[in-house]
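Participant: I'll drop the sequence and a predicted model, then ask my questions.
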Amino acid sequence: MRYIDEFRDGALARRLAATIAAEVDPSRDYRLMEFCGGHTHAIFRYGVQDLMPPNLRFAHGPGCPVCVLPMARIDQAIAMAEQHGVTLCTYGDLMRVPASGRRTLLKAKADGADIRMIYSTQDALAIARTEAGRQVVLFAIGFETTTPPTAVALKQARAEGLRNFSVFCNHVLTPPALETILAASGNDGGDGDIGTVALDGILGPSHVSTIIGSRPYEFVPARFGTPVVIAGFEPLDVMQSALMLVRQINAGVARVENQYTRAVTRDGNARAQALMAETFGPRDRFEWRGLGHLPHSALRVADAYAEFDAEQRFPVATGNGREIRGCECPSVLRGLLEPTDCKLFGSVCTPENPMGACMVSSEGACAAYWSYGRLRHGRAGDAIRGDVDAAAGSNAEASP
Amino acid sequence: MRYIDEFRDGALARRLAATIAAEVDPSRDYRLMEFCGGHTHAIFRYGVQDLMPPNLRFAHGPGCPVCVLPMARIDQAIAMAEQHGVTLCTYGDLMRVPASGRRTLLKAKADGADIRMIYSTQDALAIARTEAGRQVVLFAIGFETTTPPTAVALKQARAEGLRNFSVFCNHVLTPPALETILAASGNDGGDGDIGTVALDGILGPSHVSTIIGSRPYEFVPARFGTPVVIAGFEPLDVMQSALMLVRQINAGVARVENQYTRAVTRDGNARAQALMAETFGPRDRFEWRGLGHLPHSALRVADAYAEFDAEQRFPVATGNGREIRGCECPSVLRGLLEPTDCKLFGSVCTPENPMGACMVSSEGACAAYWSYGRLRHGRAGDAIRGDVDAAAGSNAEASP
Amino acid sequence: MCLAIPAQILDLDPATDSATVSLGGVRKSVSVALVEDVAVGDYVLVHVGYALNRISPQEAERTLALIREAGALDAEAAPGA
Amino acid sequence: MCLAIPAQILDLDPATDSATVSLGGVRKSVSVALVEDVAVGDYVLVHVGYALNRISPQEAERTLALIREAGALDAEAAPGA
Amino acid sequence: MTRRRFTGQLDLEHGSVDLTHGSGGRAMAQLIDELFRRHLDNALLAQGNDQALFQPPPGRLAISTDGHVIAPLFFPGGDIGCLAVHGTVNDVAMSGARPLYLAAGFILEEGLPLADLARIVRSMAQAANEAGVAVVTGDTKVVERGKGDGCFITTTGVGVVPDGIDISGDRAVPGDAILVSGCLGDHGVAIMSRRENLGFETEIASDTAALHDLVAAMIAAVPEIHCLRDPTRGGLATTLNELALQSGVGMRIHEPAIPVRPEVAAACELLGLDPLYVANEGKLVAICPAERADTLLMAMRSHPKGRDAAIIGQVIEDPHRFVQMETAFGGSRIVDWLAGEQLPRIC
Amino acid sequence: MTRRRFTGQLDLEHGSVDLTHGSGGRAMAQLIDELFRRHLDNALLAQGNDQALFQPPPGRLAISTDGHVIAPLFFPGGDIGCLAVHGTVNDVAMSGARPLYLAAGFILEEGLPLADLARIVRSMAQAANEAGVAVVTGDTKVVERGKGDGCFITTTGVGVVPDGIDISGDRAVPGDAILVSGCLGDHGVAIMSRRENLGFETEIASDTAALHDLVAAMIAAVPEIHCLRDPTRGGLATTLNELALQSGVGMRIHEPAIPVRPEVAAACELLGLDPLYVANEGKLVAICPAERADTLLMAMRSHPKGRDAAIIGQVIEDPHRFVQMETAFGGSRIVDWLAGEQLPRIC
Ligand code: SF4
Ligand code: SF4
Ligand SMILES: [Mg+2]
Ligand SMILES: [Mg+2]
Ligand SMILES: [Mg+2]
Ligand SMILES: [Mg+2]
Ligand SMILES: [Mg+2]
Ligand SMILES: [Mg+2]
Ligand SMILES: [Mg+2]
Ligand SMILES: [Mg+2]
Ligand SMILES: [Mg+2]
Ligand SMILES: [Mg+2]
């Protein structure tokens, strides 16, 4: 697979690893935050951490749209489906995220709500077209990457006069989140308000940047003095970006560099940006799970498209979402805690029984630690013993 | 079971049979038409014919509401369900009646139409109440017996303001049918227009008469000189009624007698009649399968209830209904032919593969002959050979 | 289609115009909207969930008596005997 | 969630603003409403059924060259070796 | 045998089946461990493989399978769990076999309350235990809501037929006596009484029961039984027609001899049904040489599951293979195959 | 064997299943005679009883059952009919058994075109024929529209295990070699390619196939095979975790050694899936002593169904029973149980 296989070359990886090992200053630590869940996933799936010198550690950022969606928004989506009887269309990632009272979209579906997994906003439009008697609500989530497809669907719906289609908009913007993380981590020189783990460098968003370009991250070195490298999602991309950050750090400079030049420019995709500007407007503030209410950090359906706004068409009560006690997702999402620092990790919280969103998405840090990495981690003993007790198996065929 | 078991007493039956045998005039035939399918069913199920002298024969009348419903009306009901997406509620008897192109309500249901079997008009109302999003159409058929329950449902629907309930009315009236049969059979002394088999006496409707009383049949002896005995549906009722007819015939008199006095009066159920008068009006003419279009022989939803008339709410094209070639239902329903006179009987037409409605309802003459009586009948040889070929079985358990 | 069964009224609910009837130990709720002045203990003819009419015990007895009387003639002449 | 895959455009249908793309022999129809001036043969990044962006072959080659160059230093010092 | 521990227990109080329970992953493993394996525990099931291995006892083996799709899942006298055991145990037993093992395939609909499933599995375990059979292997699938109906269970049974026994539907010969083991129609009427739209109430409970012990007692008394069959779907009428067809004979039965409870007769009157066509799940039809009929009847009546047994007719010669009945009224009629459906989904 | 004649043939062109086909009456008898018995014809099925009787060959018997609920019913490389044969034949074969007989329980949804059902039954007959097994008994139920999904088939298989063979999931020991018989993920990807909303196209066909002949060849070469299992639902990852847990061992596999077709890898990229978790229906995992691995590999590769077989790793000591993988990239990671569902209804 072109543009994939080349960037997963194990031989190149070993040589790049040697270079990184050679270039790091053994007298200091390098704490690099990968913003995106895509990076987190790659790091664990390919075992990238194994190839890094011990003093270079990845901190996992909030870049998993599923993980940062506040519970209350899922509660609202379920309420729309159950109270208004709408057909709720959702990307599969969201199905198992715990909402209040440990409900999930999957459970709501099992209980009779009409919830459909889609793979594209086009699927939601198609359902609206063929099932004219039903109100179809697209449960739209995601960063700037996933927003333009929602924008296209809105335009199409209006052009076709689809009166039974609307969007429950939960699209969020990455720069405000990054700003919050850095401010909170004390990277601006002040006291971090939620912790004091300074970050030495940022692996910047990959596919988000194909849309918005790298320019929106230039405030990071300017205001926080922290270097940024826009990094692709393949494991060699991640490693090369780490090397680029090490070099900036070693040189004492801080700028935005672009490792992912094959897809990202400084200005991004102008057509997509224009579509987003037409169909969405900014929200004054929006809650990010773990980060709190951040100003200007999310989008709403634009006034010109208000008739397609599910929040207006199907009003439901908005609550606060009752988080599960003991879940450290908020700190994990800010890079303050590792998943294994959470008391629930592995003992109560596992991917099939998740307490927080970070354990659901394969891009969530907790799920990545659990599924790929628990061989390696200090507190994993609990987790392992939580998994199997003693011998003798149970297999799918030997049921019931 | 009180009022049932007493009227199925085998010892009494044998003695009554002896009396009938003793009283019939061996030099003549007695051809008695049982109007109702209920009588037909009792005659076959209990083997009443076996207990009759050979010169007393029953001719089976048109008194099976399922059998006389024209195909086109079933076509229309299917069209309502398929074209308007309504929920069609129907008594089970109708499910397997062939409509045009050998479709049935059962097949339409299997093909996706929302067709529900109900046991009472109250069930249809209950569906309309709980499934507010659906339009519920009661496919109302039946004689005067079954009409008052539809009337009650109409009144309730209006009282409750049920806007998603309506009635597809196919209720028909028995006296005009009886008049047609007698005129056609030449009982009025004229040339029968469709045959010349005169009837010596009529077993009059049983449960119809509980509603309308016996008075509406007094035109029969008056105009045709044919005796009538309103007869209950239990086998002793049928036998006693036969005896009463034999006695009238032997005495050369013709009047309406009432054997079923425990439930029928001369005037019937005034409350039920009032309800019917309020909710229904007469049709100028209506088609009876086999009998043609008879004037004033059916009911429609009254103007005051027009909003509950499914024919107005869900208009569909009305066709003629394509009868299956060779089916002798029309003649069977008029008592002109016995089912075994039909070439299709047993060779092509069986209860699981019916060509006409008379083979569907257990009150239809063809089904009764086939299911209970084909041991006894001349042309049954064909039918039997149609059923089994040679040894070796297939049973439900030994499938697949 | 015109199947109607005699059943005895066990109790009446005027609020819903319905009654519970019993047939040989089987209980069923039916509408009594079509019958006037029925009482607990009465037998009614039940058709598609509605009581159509009261059954007269006297007339039933009279009919049975007539049948018995007619059958007293000559039991030996019957073909079924 | 931000999963996006490089795939090659096999043909374009301007009427529906869509393209058939291929990834290792797997064909899929995607919307090209978000990209300007793509041509058959181009590689695009596919995300939730949409082409997000063209991939630059030159830049890809340059990145690989940089990686090879960086890795040329000293393969023996790597922990994973 | 020790088991995995899972994080968090199955929520048997408020939980419900969802698609993860059929995916092959941990949620499914947990369902299997904590519900199926826990209640159905036995040495062969504990082998934990894709199949169960066993050493068959000497003799011919009988195998039979039945899908159970009953609605409602719970009914007076039983539920789909015990029915799925009895239905298949009986089919195996109708060869004269002693049932040994069952395999069970579950098809669950998303949304089925786990409490219901647990109740079903416990009932199944109890029925298997009482019948002396073990559920040794199984399978669980989950289908989306609207693609199933709560729970379907297909069971397959294996049993061993003692030497010298030759019971088959093709062995009826003219002159043989026809017996039934008890009152007809209880199961069908019990199910129908729970159909909301039929709206009647009765004390009748399903007769669902395993009959192999009755069969063993019958064989002990009369080893030369010709035919056995359980009159389930389609009732006695269907079973007799099957046997008549298979053996190439006719049958004549006597209506007054056929045991039917008054409440069942009454419910059938009410619904316009004929008890001869109503399903049973704990009754059998036996055909044996006429001279052994009284002995067989005595053996049946001395067994608790055959207390109401009766001789109901005899096999006759008839090239047309009709089943005829002398009615209680004094006439006679054909008892034909069922046409159309009587009422759906009663087993 | 002669059969009944029915009035009117089944309309295999335009007809569809309705409730009468499940009622026990004539419509059902006709369906069984003209479709099931006609295509699946064999001497045991022709016994026509509630059960099939057979004399088992000497040896232990293996029994296994599987419900098949796949959507769509027809897919590249097969359909639910042949799948229902292969799925159960393979489970029986994974004990080293030679499959003998199948029982089949059908649950049909009202409205299923009879043409589809005929196609399914013919495919089943052909698959059984090719596998040398006979469908000897069965059952058919019909459920109302909206209570099923066209056609579910639960098959139960019986086979005989040759003496001296001891293959079980609990027999893997550290040092053993782990082999797979061919490329992974074909079945799952073929099914997904027919899901309308996934909307991709590929040449990949399901690998659905009966593996007992491959197993026989493997046993002939290496009778001391420790474990066999077919990686169906949940894929290779799930099967290895099952075996590790059951045997109380760990496993280490090598990503570059695992055979996966490029198109399958590509489809998985596109959908964000991992081929290790994608279902197979014609592949097996074998575990044997390391010193016999090459012989076993050769035996597998000389068989048409094992042409792409590979040694993919080894059993290791691990009290935690982890399955670990060295990635092609050079790192290592756990290959965990599947969490949640990957995609529903692929077998
Ligand atoms: S392990 Fe679970 S409970 Fe703990 S932070 Fe992660 S998601 Fe929350
Ligand atoms: S036997 Fe069939 S075809 Fe002939 S008249 Fe009767 S219903 Fe019509
Ligand atoms: Mg299985
Ligand atoms: Mg069966
Ligand atoms: Mg069976
Ligand atoms: Mg059975
Ligand atoms: Mg049986
Ligand atoms: Mg359902
Ligand atoms: Mg199996
Ligand atoms: Mg299998
Ligand atoms: Mg298997
Ligand atoms: Mg369906």
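Facilitator: Perfect, I can see it now. Because the structure is predicted, anything quoted here is derived from the model rather than measured. Ligands and ions are numbered 1, 2, ... in the order given.
Participant: what are the ranges of the helices in chain C?
Facilitator: Secondary structure of chain C by DSSP state H: the helices cover C:57-71.
Participant: ok and the residue in it nearest ligand 3?
Facilitator: C:V26 (43.6 Å; CB to the ion). Quick note: C-beta positions are derived from backbone N, CA and C, even for glycine.
Participant: and A:A254, helix, strand or coil?
Facilitator: coil (DSSP: H, G, I helix; E, B strand; the rest coil).
Participant: shouldn't it be in contact with A:P227?
Facilitator: Yes: using CB atoms under 8 Å, A:A254 is in contact with A:P227, at 4.4 Å.
Participant: quick one, which of those two is more surrounded?
Facilitator: Counted by other CB atoms under 10 Å in any protein chain shown, A:A254 and A:P227 do not tie: A:P227 has more neighbours, with 26 against 19.
Participant: next one, pLDDT for that one please.
Facilitator: A:P227 is assigned 97 on the pLDDT scale.
Participant: my read: E:D163 touches E:G96, true?
Facilitator: No: with contact defined as CB under 8 Å, E:D163 does not count as touching E:G96 (10.5 Å).
Participant: pass me the low-pLDDT residue ranges in the chain, would you?
Facilitator: No chain in the question, so chain A it is. A:186-197, A:375-400 (pLDDT under 70).
Participant: oops, chain E please
Facilitator: For chain E (pLDDT under 70), the answer is E:1-8, E:196, E:340-347.
Participant: next one: phi and psi at E:E203?
Facilitator: The phi/psi pair for E:E203 (degrees, to the nearest 10) reads phi -80, psi 0.
Participant: how close does it get to chain B?
Facilitator: 16 Å (CB to the nearest CB, to the nearest Å).
Participant: ok, A:V68 next?
Facilitator: A:V68 sits 37 Å away from chain B, going by CB to the nearest CB.
Participant: from ligand 4, how far out is that residue?
Facilitator: 54 Å (CB to the ion, to the nearest Å).
Participant: ok, now which ones touch C:A72?
Facilitator: B:R15 (CB atoms under 8 Å, 6 or more residues apart in numbering or on different chains).
Participant: just the pLDDT for it.
Facilitator: For C:A72, pLDDT reads 77.
Participant: quick one: A:E278 is in a strand?
Facilitator: No: under the criterion used here (three-state DSSP), A:E278 is helix, not part of a strand.
Participant: which residues do A:A254 and A:P227 both contact?
Facilitator: A:221, A:248.
Participant: and the residue nearest to A:D267 when sequence neighbours are not counted, its phi and psi?
Facilitator: Of all residues beyond its chain neighbours, the one nearest A:D267 is A:G213 (4.4 Å), with distances taken as CB to CB, 6 or more residues apart in numbering or on different chains. The phi and psi values for A:G213, taken as degrees, to the nearest 10, are phi 80, psi 180.
Participant: thinking A:G213 is in contact with A:A272, fair?
Facilitator: No: the criterion here is CB under 8 Å, and A:G213 misses it with A:A272 at 10.5 Å.
Participant: by contact count, what packs against the longest strand seen in chain C?
Facilitator: Counting by DSSP state E, the longest strand found in chain C is strand C:5-13. Helices and strands touching strand C:5-13, by 3 or more CB pairs under 8 Å, 6 or more residues apart in numbering or on different chains; DSSP states H and E, are strand C:18-23, strand C:26-31, strand C:43-47, helix E:262-271.
Participant: neighbour count winner among E:D163 and E:G96?
Facilitator: E:G96 (27 against 9).
Participant: could you say whether that one sits in a helix, a strand or coil?
Facilitator: E:G96 - assigned by three-state DSSP - is coil.
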